[in-house]
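K.L.:
Got a predicted structure here, sequence first:
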Amino acid sequence: MNKKDFSILIGGAAGQGSRKAGLIIAKIFSSLGYKIYIYDDYQSLIRGGHSFSLIRASEKENNCSKKKIDILLALDEKTIQEHLKDLNEDGLIIFNQDKVKEEKGIGIAIESTVKELGGIPIMANTALLGGFAKIIGLDFDFLKNILEKEISKGIEKNLEIAKKAYDLEEAKLKIEDIGDSTPLLTGNEALSLGVVAAGLEMYIAYPMTPATGILHYLAGLKDCNVLVSQLENEIAVINAAIGAAYTGKRTMVGTSGGGFALMTEAISLAAMSETPIVIVNSQRPGPATGVPTYSGQGDLLFTLNSGHGDLVRFVIAPGDVNEMFVWSGKAMNLAWKYQTPVILLTEKDLSEATFSFDKKVLSEVKKEEALMWDKNKEYQRYELTENGISPLFFPGNDAIVKSTSYEHDEYGISTEDEEMIKKMQDKRLRKFESMKKEIDNIEAINVYGDNSETAVVCVGSLKGIVKSVCEKLGIKMIQPIVLEPFPQKQALEALKGVNKVICIEANALGQLSKVLAQNNIKVYKSILKYDGRPFNEEDLKDQLKNI
Amino acid sequence: MENLQTKAINTWCPGCGNFGVLAAFKKAMESYNKEDVVIVSDIGCSSKIIDYLNLSSFDSLHGRSISTASGIKLGNPNLKVIAFIGDGGALNEGISHLIHLAKRNSDITVLMHDNRLFALTTGQFTAVSPKGLKTRSTPEGLVEDPLNPLELMLDSNATFIARSYSSKIDHLALIIKKAIDHEGFSFIEVLQPCISFMDNFKFYNEKIYEIEEEKRTKQQARKLIEEWKYAEVGNIPLGVFYSEVKDSYEKIMNREIIKDKAVNIEKCLEAHL
């Protein structure tokens, strides 16, 4: 067993709390200085089925899973059946001896310990963690500290149970303490904090996996003064959000593909009325309802083309937890600078995965003020300007602010006049040009590795796995973060000297390669995965080698 | 209040009921500071009204204007927000929003111009069109029974429900003022004849009567509301049918929000260690 790069799988039926227990195990390793990545796999059901968390805890950052498991923690029989095949030769099996009959491995008395000490069923995880802590050679006080932070109710009983289970086991491993702990955040949580750092005042949503985590997190974030409102459907959500933004409130909405489809008419409204709004589309495999709790990148072209009429919107696809924070903040600032819809395009494998967050990126996000009316002459909401940006002003103050979905004159009165229609379209075209220039002037793509004749291009959550594999194979990797306006200059610059471009995507049609083709980048081959599951290092390495 | 005239050219048909709504609204506005008001509109003839009023405004999407209006109120609870919407917008395209806004007691005024058909698309039926109505999309006559929007609002827990008539400008102006001053969701149905596709001035003039203002139970309100079934028969009561005092959604939601509070991300991160 590699002592500084662990792969731990904890599995059970939904309702057994394997996800929460997995998070606490990750926090144990994080407290010992390991960098964490957790992939959570669960089905669209509340009780039963099979859920598991696959935790990578390593000395260096690895935002992806390994194929082979070092420690298999089974809360039920099914976990053994499903995952035993992936256990490393020197791997360890730890199982719930009250539920699982297994000859190899170490049993922990979970339910029986809880029962013996008069606990309630939900405390089963505490017994598991108590036994696990002893097996991996931790001091009980170390576990106690973590449990005290994580458990809000009945801590004394929980500690009693943990201690009992701890004392029943023997230490089999000794996990080295290699450094300080880092905060663990899901992509949705990092996205939420980034946008809060850029001044988010209101979040409006209708629940939809995998974006629901944003709604829950922001609703529970009492220190940040964000008004969180759940409305009757996604259409109400975005139209209300546009109303709130019209009054000057920095507002975000979040959903997944189906909900995003419902929002598209209002994306067009935001573009026409020039109302700043951030929209999160966290993808699942589609079409239609698709597979709600799994991941995919099949909304890429739809998102890039969302909204009827001639419009350009920013589309931004962060690649890891730090980028979620930084780019959601940038998204909010861009929305207000250009008074335009900005779409944060992500997917389940980034939204709901858990990562070690690097606090260094906190300084990269600050609220940037929008261009406001200077009161020197009469206010005109749609003043014709050189860069296409008309100063903002909000109702309830000393000017009339007329915003509109209808084509309009500078004051915001509806028009059907041919000259004015063209003038306003031209104003918006000038704004789109300004948006393109903005992207040309910021680092809108990541490039990893240098000279190689082959380069791999991917977006979003695939960054973690693809980066890891490309580093090992010595291949250049290019990850566009801004997808519209596409940073064509930067991409072409990064591709100098490259004669084979390989596109890796989590969709069936190879949508990113179509985007690249539109930007004069010819893709030699695509590696596509569209079963909802993430790539693993070993398989992707083989696929790349075979090209 | 100063004259609310804009430079926009009015394009309603001569004799349109909407002129009455505009006049009544201007009259109601005399009681308010111009800067405190935001008007929101939808799609159709009724929605042209915001071009004719020099007030802050947001012209939204079909059926969604009421959602936009509620977002405006949530964003700035000090504003008085009035949404102008047709019967098609409110009861066809946007009916789900209407029900939920009433349910959550969103503090906006929905002024529904009820001409009982889609006019700007040259006359098709809406949810309140009379059964048997012959339009270009129902040449053999409409087979559906009309919905009673006031009954729907009562069942959706709206806290202010009223009906007026575009030809009774003083009555309508007073109802608009009462609706704006009401804390919570207020719904006004304005009977508004469409001179081109459903000219029912004569019918309304014969059938309408004003009800007394008094505190009513839901049962009493329902009895009055059910008096006219959007058909050729029955008298048509005008006035405030129902009114109830209850905290608005926006007031409750904004209670915990402190203006200009510094955000501390580091502190948020402590929970993630």
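P.N.:
Structure's in. What do you need?
K.L.:
Just want the most central residue of the chain.
P.N.:
Assuming you mean chain A. The structure's chain A has its C-alpha centroid closest to residue A:351; by Cα atoms, centre = their mean the separation is 2.8 Å.
K.L.:
other chain: chain B
P.N.:
Short answer for chain B (Cα atoms, centre = their mean): residue B:111, at 2.1 Å.
K.L.:
Please work out which residues outside the helix or strand that contains that one touch it.
P.N.:
In the assignment (DSSP states H and E), residue B:111 maps to strand B:109-114. Strand B:109-114 has contacts (Cβ atoms under 8 Å, 6 or more residues apart in numbering or on different chains) with B:17-18, B:21, B:25, B:44-46, B:66, B:69, B:80-87, B:90-91, B:98, B:101, B:128, B:149, B:166, B:176, B:179-180, B:182, B:185-192. Bear in mind the C-beta positions are built from the backbone N, C-alpha and C, glycine included.
K.L.:
Show the pLDDT at the residue nearest to the centre of chain B.
P.N.:
Per-residue pLDDT puts residue B:111 at 98.
K.L.:
And the residue of the stretch 151-273 of chain B closest to chain A?
P.N.:
residue B:272 (3.7 Å; Cβ to the nearest Cβ).
K.L.:
Please state the backbone phi and psi of the closest residue to residue A:370 other than its chain neighbours?
P.N.:
Once flanking residues are discounted, residue A:370 sits nearest to residue A:336: 4.0 Å by Cβ to Cβ, 6 or more residues apart in numbering or on different chains. Backbone torsions for residue A:336, taken as degrees, to the nearest 10, come to phi -80, psi -30.
K.L.:
hang on, isn't residue A:336 packed against residue A:276?
P.N.:
Yes. Residue A:336 is in contact with residue A:276 according to Cβ atoms under 8 Å; the separation is 4.6 Å.
K.L.:
What's the local residue count around the closest residue to residue A:168 other than its chain neighbours?
P.N.:
Ranked by Cβ to Cβ, 6+ apart and with sequence neighbours excluded, the top spatial neighbour of residue A:168 is residue A:109, at 6.1 Å. Other residues near residue A:109 come to 19 when the count uses other Cβ atoms under 10 Å in any protein chain shown.
K.L.:
And for residue A:374?
P.N.:
9.
K.L.:
returning to what we had before: which residues do residue A:336 and residue A:276 both contact?
P.N.:
Counting by Cβ under 8 Å, 6+ apart, the residues touching both residue A:336 and residue A:276 are A:250, A:370.
K.L.:
Need the three-state assignment for the residue of the stretch 1-150 of chain B found nearest chain A.
P.N.:
Of all residues in the stretch 1-150 of chain B, residue B:71 sits closest to chain A, at 2.6 Å by Cβ to the nearest Cβ. With DSSP: H, G, I helix; E, B strand; the rest coil as the basis, residue B:71 sits in helix.
K.L.:
Who are the packing partners of the helix or strand where residue A:243 lies?
P.N.:
Take DSSP H and E as the rule and residue A:243 turns out to sit in helix A:234-246. For helix A:234-246, the helices and strands in contact under the criterion 3 or more Cβ pairs under 8 Å, 6 or more residues apart in numbering or on different chains; DSSP states H and E are strand A:202-205, strand A:251-255, helix A:257-273, strand A:277-283, helix B:65-75, helix B:95-103.
K.L.:
most tightly surrounded among these?
P.N.:
Per-stretch averages of neighbours, counted by mean count of other Cβ atoms under 10 Å in any protein chain shown, single out helix B:65-75 among the helices and strands packed on helix A:234-246, with a mean of 32.
K.L.:
quick one, it and strand A:251-255 angle?
P.N.:
Compare the direction of helix B:65-75 with that of strand A:251-255 by axes from the mean of the first three to the mean of the last three Cα atoms, to 10 degrees and you get 130 degrees.
K.L.:
quick check: domain ranges of chain A?
P.N.:
A:5-168, A:184-364, A:371-442, A:445-545 (automatic domain parsing).
K.L.:
how about those domains in a markdown table, adding mean pLDDT?
P.N.:
Putting the domains of chain A into a markdown table (pLDDT from 0 to 100) gives the following:
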| stretch | mean pLDDT |
| --- | --- |
| domain A:5-168 | 93 |
| domain A:184-364 | 97 |
| domain A:371-442 | 98 |
| domain A:445-545 | 96 |
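K.L.:
how about CSV for those domains, with distance to residue B:105 added?
P.N.:
Output for these, formatted as CSV (distance: least, Cβ to Cβ, whole Å):
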stretch, distance to residue B:105
domain A:5-168, 32
domain A:184-364, 14
domain A:371-442, 21
domain A:445-545, 40
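K.L.:
sorry, back to before: the residue nearest to residue A:168 reaches residue A:130, doesn't it?
P.N.:
No. The criterion here is Cβ under 8 Å, and residue A:109 misses it with residue A:130 at 10.0 Å.
K.L.:
Spit out the residues that contact these two alike.
P.N.:
By Cβ under 8 Å, 6+ apart, residue A:109 and residue A:130 have these common neighbours: residue A:165.
K.L.:
Strands of the stretch 51-200 of chain B, start to end?
P.N.:
B:56-59, B:80-86, B:109-114, B:160-165, B:186-191 (DSSP state E, counting those that start in this stretch).
K.L.:
Does the residue of the stretch 1-150 of chain B closest to chain A touch residue A:238 like I think?
P.N.:
No. Residue B:71 lies out of contact with residue A:238 (Cβ under 8 Å); the separation is 9.2 Å.
K.L.:
Mutual contacts of those two, please.
P.N.:
With Cβ under 8 Å, 6+ apart, residue B:71 and residue A:238 have common neighbours residue A:204.
K.L.:
CA atoms only: put the strand holding residue B:111 into PDB for me.
P.N.:
What follows is strand B:109-114, C-alpha atoms only, in PDB (Å, rounded to 0.1, in the frame of the first residue of the first chain):
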ATOM      1  CA  THR B 109     -50.500  44.800  -7.600                       C
ATOM      2  CA  VAL B 110     -51.600  42.800 -10.600                       C
ATOM      3  CA  LEU B 111     -53.900  44.800 -12.800                       C
ATOM      4  CA  MET B 112     -55.400  42.400 -15.300                       C
ATOM      5  CA  HIS B 113     -56.900  44.100 -18.400                       C
ATOM      6  CA  ASP B 114     -59.700  41.700 -19.100                       C
END
